[in-house]
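Asks: Have a look at this prediction, sequence included:
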Amino acid sequence: MTALALRSLRHRPTAVVATFAAVLLGTALMASFATLVESALGAHDDDRELLIVMGAVVGSWGALIVLFSVASTVGIVAEQRAREAALLRTIGATPRQARALIVYEALVVALLAAGVGALIASIAGGALFDALQRGDLITSASTYAGGPASLATAAGVVVLIGTVAAMISSRRATRAPAGISLRQVETPARRLRWWRILIGTLLIASGVTSAIITITVTGKADDAYAAMQTSGSASIVVGVGLATLAPVLLRLLATPLRPLLARSGAGLLAAENTTRRAHLLAGVLAPVIVLVSTAVGTLLMIGIDDRTLAAAGDPEDVGGTITMINSVVIGMICLFAAIMVVNAVVAVVTHRRAELARLWRIGATASQLRTSVVLEAAVVAVIGIVLGLLASTATAVPYSIVRHEGLVPNGQLWLLPVIALVAAMLTVGTAWGAQRRPAQ
Amino acid sequence: MIQDAPALVVEGLTKRHGSGAGAVDALVGIDLAFARGTFTAIMGPSGSGKSTFLSCVAGLDRPTSGRVLLDGTDVTHWDETARTRMRRERIGFVFQDFSLIPYLTAAENVALPARLAGRREEPETVRRVLARVGLEERAGHLPAALSGGQQQRVAIARALVTVPAVLLADEPTGALDSATAREVLRMLRAAVDDLRQTTVMVTHDPVAASYADTVVFLVDGRVAGRMVGPSADAVAAQLAHLDQLTGVAR
């Protein structure tokens, strides 16, 4: 099975690239912050707390997104293999062997990518430490001590998550009897599992709780940054929570759009696809929500902080540095979410090749198919942007209130249309590009 | 439309794959006419050009030379969009893999060609054509909830709903067990008898071919013979001796 897995990898470059990119970036991001925690152990007493907070708290924002996206990429890729798994089983592979193929593949790619990611982090971690030192957040008494321990731990966690995700998805791919899975070209829609609904609901609840705590408790603290610690991650947590529930939300929210779409043949296909196949397109919706919620929520928070820090009192005079680090982290996370959007769109459109060919055979023109794919992406983008903006309020509104700007921040509202436009162009543009590529 | 013209005529139909020394002739000057209301089976060994023939007629593939006349109109040189329109309005196609759209119900699958053409099929028409294939009770089911035979019957309903000039079937029973296959074949036969639906079916199964009025044998891209009023035994016997048939034809 290992040999077969390696051989099969060479024949599916798209899937390999998607998993590789997700794991590589994920490891690079997580391991960079992990090195700060390792450095904290030997650091000067004055610096220990900050390094741990930076590494653990800020790093865990990213970690949440990284793990989510690695899991979803590996999941998409593994699910696409359902048919091939069925084929292997008809020629005598046991379900366990067929699952092993999927898991080995994910493991091999994840190990390679995590290795490269850790290498990048070994440099990026040092650079991050330098930046902190130059910004006078860390005294010169401490030295960078990131090494194999923190790098390997972070890489290991990412690989582990990817492998577990592949295991869960592969189980799904081999659940039905072989003959049935082979005949069913379609991955059947299934109800969201109870644990997914639970996780999603808990994440949203915890994000909302952070928002409430920000207004009622930390916002009144003497430390100007206490509020940021509770509200900063709220939009990301709510965003990931909504993303976890993406299949349900897409079905629910795309339904009212049906009459609008169903006026043309291409629109009808898009309408049916977004509602009845929400379980597939949810793979695209999820990263769009996370991208928008993270970018809008956190950037608005940084803006509010900039405008009001003087009034709130900045005894340690670290505002500029914190803004800088926030921006870098958010930039990385957004880049990551953007890559996830592209990955997911390409995966979904590639997955639909056979169906598009079928539609063409029964009389859909090439331009109708193109319109249908693009409309679908547009529906998903719009819903993702709306949900993302909703999630972003979990950070922006409480922070705006505690910094006395009221319910709506005083500035930078231009961020909303700009980020919405970027998310929409990313989703629709990728769909446009993906459907243009000739079938293999 | 010329009323007396055969529903489908092909003249000197040739399809060559590739070029130069490696070129393969899939079809070599096929001349055939399919009269209105007839049921023709096209048979031949693998690689005889059966499927290529059907693809060229349906406009899925472009012939290298020759003509295809549908209802007396030459459609050979139509562009991609015109051929797609022809496919959804003038041709009904039934495929071995059913080719249903997985996220549309049986009724929606049947109404799809009309929707793609920018029309709305009358619900009554959809109901009637589904009833014809015995599936009016299943109109609201997704393909995944239907058996293979039922899926193929939905595909037949989808092919019939536009009242096409010709219904093309490519191994329609290839993925079905023999009992279900007979059911599907009876439905194709009924469409010919009741609706005068001109039907052309590619198959390698002598039993399936015996439902047709005429069997045309293809060998190496050429018409090697024909049989009127075929029985399954006679077709099977003929298939076993196709080499002799080619000898005669040449």
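Replies: Nice, thanks for sending it over.
Asks: only C-alpha atoms for contact and neighbour calcs from this point on.
Replies: Fine.
Asks: Give me the longest helix you can find in chain B.
Replies: helix B:178-195 (DSSP state H).
Asks: Now it: average pLDDT?
Replies: Here helix B:178-195 scores 93 as its mean pLDDT.
Asks: Give the buried residues for it.
Replies: B:180, B:181, B:182, B:183, B:184, B:185, B:187, B:188, B:189, B:191, B:192 (16 or more other Cα atoms under 10 Å in any protein chain shown).
Asks: With stretch A:240-255 instead?
Replies: Result for stretch A:240-255 [16+ other Cα under 10 Å]: buried residues A:240-251, A:254.
Asks: For the strand or helix carrying residue B:225, name the packing helices and strands.
Replies: If you go by DSSP states H and E, residue B:225 is part of strand B:222-228. Helices and strands touching strand B:222-228, by 3 or more Cα pairs under 8 Å, 6 or more residues apart in numbering or on different chains; DSSP states H and E, are strand B:24-34, strand B:214-219, helix B:242-249.
Asks: now these in a markdown table, with mean neighbour count and distance to chain A?
Replies: Shown next, in a markdown table, are the helices and strands packed on strand B:222-228 (neighbours: other Cα atoms under 10 Å in any protein chain shown; distance: least, Cα to the nearest Cα, whole Å):
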| stretch | mean neighbour count | distance to chain A |
| --- | --- | --- |
| strand B:24-34 | 18 | 21 |
| strand B:214-219 | 23 | 24 |
| helix B:242-249 | 14 | 32 |
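Asks: Put together a markdown table for those, with mean pLDDT on each row.
Replies: Shown next, in a markdown table, are the helices and strands packed on strand B:222-228 (pLDDT from 0 to 100):
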| stretch | mean pLDDT |
| --- | --- |
| strand B:24-34 | 91 |
| strand B:214-219 | 93 |
| helix B:242-249 | 60 |
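Asks: what's across from the residue nearest the centre of chain B in the sheet?
Replies: Chain B has residue B:168 as the residue nearest its centroid, 1.6 Å off, counting by Cα atoms, centre = their mean. The partner list for residue B:168 in beta bridges (DSSP bridges) reads residue B:93, residue B:200.
Asks: likewise residue B:10?
Replies: Bridge pairing for residue B:10 - DSSP bridges - gives residue B:32, residue B:68.
Asks: can you count the residues close to it?
Replies: Neighbourhood size, residue B:10 [other Cα atoms under 10 Å in any protein chain shown]: 22.
Asks: and the single longest helix found in chain A, what other elements does it pack with?
Replies: Longest helix of chain A, by residue count under DSSP H: helix A:95-134. Here helix A:95-134 touches helix A:2-9, helix A:13-41, helix A:82-90, helix A:148-173, going by 3+ Cα pairs under 8 Å, 6+ apart.
Asks: Would you mind listing what in the stretch 201-350 of chain A touches chain B?
Replies: Residues of the stretch 201-350 of chain A that fall close to chain B, judged by Cα under 8 Å from any Cα of the partner chain: A:264, A:265, A:266, A:272, A:273, A:276, A:277.
Asks: Of all the helices and strands packed on strand B:222-228, which one is nearest residue A:99?
Replies: Of all the helices and strands packed on strand B:222-228, strand B:24-34 sits nearest to residue A:99, with 40.9 Å by Cα to Cα.
Asks: list the helices and strands that closest one packs on?
Replies: Checked by 3+ Cα pairs under 8 Å, 6+ apart, strand B:24-34 has strand B:8-17, helix B:50-58, strand B:222-228 packed alongside it.
Asks: Give me the buried positions along the shortest one.
Replies: Residues of strand B:222-228 classed as buried by neighbour count (16+ other Cα under 10 Å): B:222, B:223, B:224, B:225, B:226, B:227.
Asks: CSV for those residues, including distance to residue A:287 and pLDDT?
Replies: Formatted as CSV, the buried residues of strand B:222-228 follow (distance: Cα to Cα, whole Å; pLDDT from 0 to 100):
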residue, distance to residue A:287, pLDDT
B:222, 56, 91
B:223, 57, 91
B:224, 59, 89
B:225, 61, 89
B:226, 60, 90
B:227, 61, 91
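Asks: Need the max-distance pair from these.
Replies: B:222 and B:227 (15.3 Å).
Asks: distance between stretch A:246-263 and the chain's centre?
Replies: On the basis of Cα atoms, centre = their mean, to the nearest Å, stretch A:246-263 sits 23 Å off its chain's mean C-alpha point.
Asks: Sketch out the low-pLDDT regions of chain B for me.
Replies: B:1-4, B:245-250 (pLDDT under 70).
Asks: residues from it in reach of chain A?
Replies: So chain B meets chain A at B:60, B:81, B:84-88, B:93, B:99-104, B:112-113, B:115-118, B:144 (Cα under 8 Å from any Cα).
Asks: Which single residue in the stretch 201-350 of chain A comes nearest to chain B?
Replies: residue A:265 (4.4 Å; Cα to the nearest Cα).
Asks: residues contacting the spatially closest residue to that residue that is not a sequence neighbour?
Replies: Nearest non-adjacent residue to residue A:265, counting by Cα to Cα, 6 or more residues apart in numbering or on different chains: residue B:116, 4.4 Å away. Going by Cα atoms under 8 Å, 6 or more residues apart in numbering or on different chains, residue B:116 touches A:264, A:265, A:266, A:363, A:364, A:368.
Asks: Which ones among these map onto helices?
Replies: A:265, A:266, A:368.
Asks: Of those residues - the most surrounded one?
Replies: residue A:266 (26 neighbours).
Asks: Can you get me a residue count around the nearest residue to that residue once chain neighbours are set aside?
Replies: Nearest residue to residue A:266 in three dimensions, chain neighbours excluded: residue A:372, at 4.6 Å (Cα to Cα, 6+ apart). Neighbourhood size, residue A:372 [other Cα under 10 Å]: 23.
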